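> okay, predicted coordinates and the sequence, questions at the end:
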Amino acid sequence: MSQVKIVVNIFFMMCGIFLGSFSFAQSSTFPSKPIKIIVPFTAGGPTDIYARIIAQKMQEHWGQPVLVDNRPGGTGVVGNTLVLQSPPDGYTLLFTSNSAHLISTLLKNPRPYDSVKDFTPISVAIKYPMYLLINPGLPVKTVPELIAYAKANPTKLNYSSVGIGSGGHLACELFNSAAGTNISHVPYKGAVPAQAALMAGETQMFCDSVGNSQAMVNAGRMRGLALFSDKRLTPVPEVPTLGEVGLKNMAAYIWLGLLGPGGMSTEVSNKLSTEVARIMALPEVKERVISGGSEVVANTPEEFTKEMIAEREIWSKVIKEKNIKAE
């Protein structure tokens, strides 16, 4: 081997050692400065609440400030763009939901970004199933009765949602497809007016979360029929899954998860994922999640990525079949 080849090989070997050492050093010293978690929603909602829980626990554990920055707008686009434009060093992160991060982009043409490839998925913290609710004045008490009534009265029933392309909107359309019904969509601007419409009888069906609606069910102002889930939930053990009442493969979840800019190192993303898992396993956090009708996920970056790809295919199919367009 010539002296030139030997020198070149040694050079590349040293570069590999240096990069490996740098990567390890980056991971072992991370975090060495404040972290910012961008939430693409206003303060006070479930995404914001769990972002602040995670931020506080990270700060306590790592001894570095972890700040939550609310950047609503464009159904996630404003906050997501800020993260996309940030260095992929783990110091600017995104805590969001699948409705804002994944589903909303499927309705836009052209798409502003690729929800998977342009980001670094870190971990889903929690997920909760959609909850099929009806106005208590409707003369039905079970899902089969609702389906029969909807077919017998094809122009009388409407369902409310928190907006076009929301998780509740797509879940209700998933129900329409599986049940063979044609319950019409009436979008509202947020959960409060969508709930109010159901309770007032302006709409007859609503797909929401247990955490957000069960208090109204307990008060007799709504009736909970079934869960878009593969299992029953501890806070509402009497509520069956749609699979139990004959509609199979009807899981529809909202997840809340942590992502970073595309191109983050494996070492840093794994360290953040491990930290999310530690936080979600804390007894006080886990109890809060379960009592709110959700379940802890805390998966790995690899698992998160695979699940997002699979979920995108499911919702793309529903959006195409129902010809759902953005507002």
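That came in fine, so what should we check first?

> name the helix or strand for R312, please.
Assigned by DSSP states H and E, R312 falls within helix 301-322.

> contacts for that helix?
Residues outside helix 301-322 that contact it (C-beta atoms under 8 Å, 6 or more residues apart in numbering) are 98, 102-103, 106-107, 115-116, 120-124, 165, 170, 173-174, 176-177, 257, 266, 269-270, 273, 299, 324. Using the backbone N, CA and C atoms, a C-beta is placed for each residue, glycine as well.

> for N158, give the beta-bridge partners.
Here N158 sits in beta bridges with S184, as judged by DSSP bridges.

> could you measure from it over to A150?
N158 is 11 Å from A150, where distance means C-beta to C-beta, to the nearest Å.

> can you list residues touching both of these two?
I183.

> so these two - more neighbours on which side?
A150 (22 against 16; other C-beta atoms under 10 Å).

> that one: which element?
Assigned by DSSP H and E, A150 falls in helix 143-152.

> buried ones in that helix?
V143, L146, I147, Y149, A150 (16 or more other C-beta atoms under 10 Å).

> contact partners of that helix?
Contacts of helix 143-152 (C-beta under 8 Å, 6+ apart): 132, 134, 138-140, 157, 179-183, 205, 225-226, 240, 242, 245-247.

> and that helix, how far out from the chain's middle?
30 Å (C-alpha atoms, centre = their mean, to the nearest Å).

> make 15 the first number, not 1, from now on.
Shifting the count to begin at 15 puts that one at helix 157-166.

> out of the contacts of helix 157-166, which sit inside strands?
Among the contacts of helix 157-166, the residues falling in strands (DSSP state E) are L146, I148, M219, L239, A240.

> for the residue lying closest to the third one once chain neighbours are set aside, give me its contacts.
Counting by C-beta to C-beta, 6 or more residues apart in numbering, the nearest residue to M219 once its immediate chain neighbours are dropped is Y173, at 3.8 Å. Residues near Y173 by C-beta under 8 Å, 6+ apart: C186, I197, S198, H199, V200, T217, Q218, M219, F220, C221.

> please enumerate the helices of this structure.
17-43, 60-76, 91-98, 112, 118-120, 157-166, 181-193, 205-214, 224-232, 280-294, 297-305, 315-336 (DSSP state H).

> pLDDT of the longest one, averaged?
By that I understand helix 17-43. For helix 17-43, the mean per-residue pLDDT is 51.
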